[in-house]
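Visitor: quick one, what's the 3D model for this:
(2 chains)
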Amino acid sequence: MIQDNYSLSDAQIQHFEVFGFLVRRNVFNLEEINRINDEFDHRLASLKAEVDPREDRLFNNWPNRNPQTPYISSLLEDPRIYIPSEQIVGEDCVPIHSNANSYARSSAWHPDTKEAHLLMVKNVMYLQPTTGDHGALRVIPGSHKNPLHENLLRIGLDCSFGKESLYLKEAGLRGEDIPSYIFCSEPGDLIMFNQRLWHAAFGGYEDRRTCTFNFYQNPKSLGEKETMRKQLEVAKEGIKFLGTIGPQYHPWWLENPDENSKRARWINWLKEWGFVEAEK
Amino acid sequence: MITEQQVYFFKTFGFLVLKNVLTPAEIKNINKEFLVGLAKMDETKMGTSVRKQYNWTNLGPDSPFTSSLLEDERFYGIAQQILGDDCVGVDSHANQYNGNRSPWHPDIRELGPDQFTGFKFTFYLGPVDGNSGALRVVPGSHCPGFSAEVEKVFLKDNNPGPDDDPGLAVNEVPAHICISEPGDAVIFDYFVWHSSWGGSKDRRMVSLQYYKNPKTPEEKEGMRKMVAFRKNFNKGFKRETKLYPDFWLANPNNNVVRTQWIEQLQKWGFIDAVNA
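Guide: Next up is the predicted model:
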């Protein structure tokens, strides 16, 4: 059954705060998932035609706010995505990234950020069924907070940016041996997680698909603002490292032809903070 | 002995699974002794919680082999690695569960990790997985901040929320499942949140428990509180025998390690308190 109430309950918000993530089942129906996969197929095919096949790419990924993927692009403004995100991150939060990802392998253990001063949340939608040995996202509950977050850094679990985990190597362990919650999912399910949360996926396969929607807190304090300025640099480096193809804020999306007020606020914010300019 | 990386694992996540610690012959022996203890149980001794648990000490004359495991280098050696050379083996129990779950809890809430350090080995005498009673743990929940957060989560069994949203069932709490075969052991910190789900009748588990020898004023005060806590805690179990039977205290083989432990337990006031 598809949820018709998009708001999270107090218990769901508490779950997110305590464990750093929340699973939401059956948020999108099969028809919608098929539509997303169709757009994904077309965009992936056109990108493959554009990029040099000899290029050593970590994985294929591209921003969704693109005229070739209008339905996926619109999901940021879908209440099923933005209402829970605003509940968790704040009503004035902003979608910094909206990406499609086609992985060819597993993802080793890492947090997306180590920053503690700014709340950043990622919504992830898997477009194929996942299980523990078939690409499911794994998370270490509670690892968005210290001391667990930093203890995992200290022991050397981090595999960010393709690094090898010193801890796993010395311990003779596989990534799968690290204790975690495994998000076995069906298309239509969503997981939202704090980007400080340690996560991984094993049993990767060719064209393992996700769509991700990242909302960042609107910074208020000096520390939060400083962290947001750093994110501007992080975003630029991320594009280089991940080989993201195409602009995050396509002129087509920035035109906002329907004058969506929420999008207008986001665009103003993104311009004020230099995220739009940084892509030029 | 465990590796340095296994020690890191235990300290980071609050638990550690050890594979094939006991041989099939030893498991057979433990089961044989288990049945002797179980034969002395009847419904009047069954715990009233959903666990439907029988619990008895392994330190009596009916289970000499199981009792000896507390002093066995495979367990005591690891305890010394984690808790220090002068740590103390304080307890060994047999448990038979007949309920389909054990609700989420840490073993100790009354003290903080600056006051008390200890852990238990558990080994299941039959194979267990996520739907047949395997131990579930919230990794890292032995740390005070995280533990306090978990404490707030509404749980259907033992911390229910409002009627329209009573909270999470045991299997809905995000957790790691310690799948185990006979011979495997799980070490877990007393402060880590744990549970089990899907157990059926006659799920058998043996535990060995070790405490750090208190050194700091906080730890010494913690041990005093622990003695009081254990005195009351033990009243919750319908045991016929003393926690420290005369057989174990007599130390018939003059085991040097046990002699030291008994001295230490007496110094803490533990034996008098829990045997009362």
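
Visitor: all contacts plus neighbour counts: C-alpha atoms, from now on.
Guide: Noted.

Visitor: SS state for B:Leu208?
Guide: State at B:Leu208, reduced to three classes by DSSP: H, G, I helix; E, B strand; the rest coil: strand.

Visitor: number of residues surrounding the residue lying closest to it once chain neighbours are set aside?
Guide: Among residues not flanking B:Leu208 along the chain, B:Ser92 sits closest, at 4.5 Å (CA to CA, 6 or more residues apart in numbering or on different chains). With neighbours defined by other CA atoms under 10 Å in any protein chain shown, the count for B:Ser92 comes to 25.

Visitor: same check, this time on B:Thr3
Guide: Residues within reach of B:Thr3, counting by other CA under 10 Å, total 12.

Visitor: so how far is A:Glu206 from it?
Guide: Counting by CA to CA, to the nearest Å, the gap from B:Thr3 to A:Glu206 is 36 Å.

Visitor: and the residue nearest to B:Leu208, that one's in a strand?
Guide: Yes: assessed by three-state DSSP, B:Ser92 belongs to a strand.

Visitor: touching, B:Gln96 and B:Arg203? I think so.
Guide: Yes: counting by CA atoms under 8 Å, B:Gln96 does reach B:Arg203; the two are 5.5 Å apart.

Visitor: residue boundaries of the helices in the chain?
Guide: The chain I'm using is chain A. Remark: helices assigned in chain A by DSSP state H are A:10-19, A:30-50, A:70-74, A:79-89, A:148-155, A:166-171, A:222-242, A:251-255, A:261-272.

Visitor: ah, no, chain B please
Guide: B:4-13, B:24-39, B:64-68, B:73-83, B:144-152, B:217-235, B:246-250, B:256-268, B:270-275.

Visitor: picking that back up, worst mean pLDDT among the helices of chain A?
Guide: Across the helices of chain A, helix A:222-242 has the smallest mean pLDDT, namely a mean of 87.

Visitor: and the contacts of that one?
Guide: For helix A:222-242, contacts defined as CA atoms under 8 Å, 6 or more residues apart in numbering or on different chains pick out A:57-59, A:61, A:115, A:117-118, A:161, A:219, A:244, A:273-275, A:278-279.

Visitor: for stretch B:176-188, same thing?
Guide: A:179-181, B:10, B:14-24, B:27, B:119-130, B:134-139.

Visitor: swap in 7 Å and give it another go.
Guide: A:179-181, B:14-24, B:27, B:119-130, B:134-139 (CA atoms under 7 Å, 6 or more residues apart in numbering or on different chains).

Visitor: could you do stretch A:264-277 as well?
Guide: Contacts of stretch A:264-277 (CA under 7 Å, 6+ apart): A:Val94, A:Leu232, A:Tyr249, A:Leu254.

Visitor: got the contact list for the third one?
Guide: Right, the one you point to is A:Tyr249. So A:Tyr249 contacts A:Arg65, A:Val276 (CA under 7 Å, 6+ apart).

Visitor: and it, how far is that from B:Ile82?
Guide: Relative to B:Ile82, A:Tyr249 is positioned 53 Å away (CA to CA).

Visitor: now A:Glu279
Guide: From A:Glu279 over to B:Ile82 the distance is 52 Å, taken as CA to CA.
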